[in-house]
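[1] pasted the sequence and its predicted model underneath.
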Amino acid sequence: MNAASKNDHSSTDANDLMLRELNELELFYGDIFEILTLLGFRGSTSRKTFNDYIKSLRRLDLPVVASEAPRRGHQIVYTYENLMELVLAMTLRVYHVIPDAVIKALVEARGELYPIYHKAFKERRTGLGAPLVLAAGGKRLELSGVFLDLNIDYAAGHLVSFGPPEVLSPFEALQRFMASDNVARVFLPIPISVLAENVYELYQQCLSAKESAKDGKPSRARRRRSDRNGE
């Protein structure tokens, strides 16, 4: 086996391991809140305001139907798909609010969206998400990852249509962005692979924080916050 083949094999093994970790991911509400905050969705709002907003989404069964969700004791156990659904909903916010009609459409489209969340991570640099390299004027731009177009038509405060969800390559996403009929579209293709990768990295950070807490050591995230706050 040559060096290139060995590297490809190692890369595949590492990717498979990460996919297994995502399939087995278990998070509690505090983890979800922390990850959404680290992704920047909380912004400058208070913990209470953001907490109330997340709970308002759950009243619309996003990311879970509370009465049907798996629990450990009294706590709901959240999966990778649940977290991605929340992240997607947060990404779709316009002026910090997502219309209820769009939330309901996301919930109804779960059967189509859950496999897309896994494809987004698996093919973030291969397959559909293989890099597209653009060059002009001595400058170079590389786009990679799967994009998601929910085909939302939302106008004058009303959801005109939703779906079907489409996965796009970087080239197809670029075409969609540049289309002349997109001028009035509020919701354009979303870099879903980027979101999936960020979720995985922050999940690992949460695990690291929990392990550090068990050992009595401050987590890397806590240390960074302390440095920023001068603590």
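    Yep, it's here. Numbering: from 1, shown residues only.
[2] low-confidence regions, this structure specifically.
    1-10, 94-96, 180-186, 217-231 (pLDDT under 70).
[3] spatially central residue in it, please.
    Per CA atoms, centre = their mean, the C-alpha nearest to the average position across the chain is that of residue 195, at 3.6 Å.
[4] what kind of secondary structure is the closest residue in space to it that isn't next to it in sequence in?
    Distances taken as CB to CB, 6 or more residues apart in numbering put residue 87 closest to residue 195, at 5.3 Å, once the chain neighbours are dropped. All C-beta spots, glycine's among them, are computed from the backbone N, C-alpha and C. Following DSSP: H, G, I helix; E, B strand; the rest coil, we place residue 87 in the helix state.
[5] my read: residue 87 touches residue 36, true?
    Yes: in this structure residue 87 lies within contact range of residue 36 using CB atoms under 8 Å: 7.2 Å.
[6] of the two, who's got more company?
    When residue 87 and residue 36 are compared for neighbours, residue 87 comes out ahead with 24 against 20, by other CB atoms under 10 Å.
[7] residues touching the more buried one, list them.
    36, 39, 41, 195, 199 (CB atoms under 8 Å, 6 or more residues apart in numbering).
[8] dump the residues you listed to CSV, plus secondary structure and distance to residue 177.
    Output for those, formatted as CSV (DSSP: H, G, I helix; E, B strand; the rest coil; distance: CB to CB, whole Å):
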residue, secondary structure, distance to residue 177
36, helix, 26
39, coil, 22
41, coil, 23
195, helix, 17
199, helix, 23
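[9] next, residue 78: phi, psi?
    Per-residue torsions, residue 78: phi -100, psi 150 (degrees, to the nearest 10).
[10] which residues of this structure fall in helices?
    For the chain, the helices defined by DSSP state H cover 3-23, 29-38, 47-58, 80-91, 100-108, 110-122, 170-178, 192-215, 220-229.
[11] who are the packing partners of the fifth one?
    If you count contacts as 3 or more CB pairs under 8 Å, 6 or more residues apart in numbering; DSSP states H and E, helix 100-108 packs onto helix 80-91, strand 158-161.
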